[in-house]
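S.K.: From the sequence below, what's the structure:
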Amino acid sequence: MIQVKGRGGRPRSEQARDAVLHAVDDLLVEVGYAALTMKGIAERAGVGRQTVYRWWSTKAEILFEACVDDAEEELAVAPSRTPLAEITTYLDALVGFLAHSAAGAGYRALIAAAQHDPAVKELIATKDVLGASASAVLRRVDPDRPADDQAIDRLIGPAFFWIMSGRDPARLDTHELARSFLRGLEPEES
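M.R.: A predicted model of the protein is given here:
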């Protein structure tokens, strides 16, 4: 869970928290990021606005917390028998998250907002939602090689760009992307 700045007062009710996080996902899909409001989130969640503002300062904070919670679950893939199956399964989960999940829609909206809102940019920099999941998969594929930023970017980048540029996710060949990624891990011959 993302830790938001402490505001004092009563401790969070897990039921109210869950209601707010579900509400932000639902409203994002219905009305889009620009029309999303703290008031609307509170009303959808069935909690008072003061409850929402006690725990989060902005709609971006709520959406980011919901995205992180869901991404950790949706991108946690079970180990596979081969590196190719492992990478392909991960890329399938990544594409599913980015293209078909309410949390993925929220993450895409936050990435877009971060391009012109420094506060959102700072917020999403607090936790690398995609990088953490990719790193876990890369450690299983090759425990002797550190999952550095470059390897993570090479794994995530093509699928991320495909989805963010509005291309049809059904036309993305994750198996071929996985094969290409693994070829890039092979040592170069002199």
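S.K.: Please name the nearest non-neighbouring residue to K121.
M.R.: When the adjacent residues along the chain are set aside, K121 lies closest to A114, with 4.0 Å between them (Cβ to Cβ, 6 or more residues apart in numbering). All C-beta atoms are positioned from the backbone trio N, CA, C, and that covers glycine.
S.K.: Which positions in the helix or strand hosting L91 come out as buried?
M.R.: For L91, the element it lies in under DSSP states H and E is helix 83-100. Residues of helix 83-100 classed as buried under the neighbour-count rule (16 or more other Cβ atoms under 10 Å) are 83, 86-95, 97-99.
S.K.: Against which helices or strands is that helix packed?
M.R.: With contacts defined as 3 or more Cβ pairs under 8 Å, 6 or more residues apart in numbering; DSSP states H and E, the secondary structure elements packing on helix 83-100 are helix 59-74, helix 102-114, helix 129-141, helix 149-164, helix 174-185.
S.K.: which residues sit against it?
M.R.: With contact meaning Cβ atoms under 8 Å, 6 or more residues apart in numbering, helix 83-100 is reached by 70-71, 74-75, 77-80, 103-104, 107-108, 130, 133-134, 137, 140-142, 155-156, 159-160, 162-164, 169, 172, 174-175, 177-179, 181-182.
S.K.: Report the distance from that helix to the chain centre.
M.R.: The offset between the C-alpha centroid of helix 83-100 and the centroid of the whole chain comes to 13 Å, using Cα atoms, centre = their mean, to the nearest Å.
S.K.: Who are the contact partners of D142?
M.R.: Under the criterion of Cβ under 8 Å, 6+ apart, the neighbours of D142 are P83, L185.
S.K.: Could you number the chain from 20 rather than 1 from now on?
M.R.: Done: numbering now begins at 20, and the last item shifts to D161.
S.K.: Quick check: pLDDT value at it.
M.R.: At D161, the model reports a pLDDT of 90.
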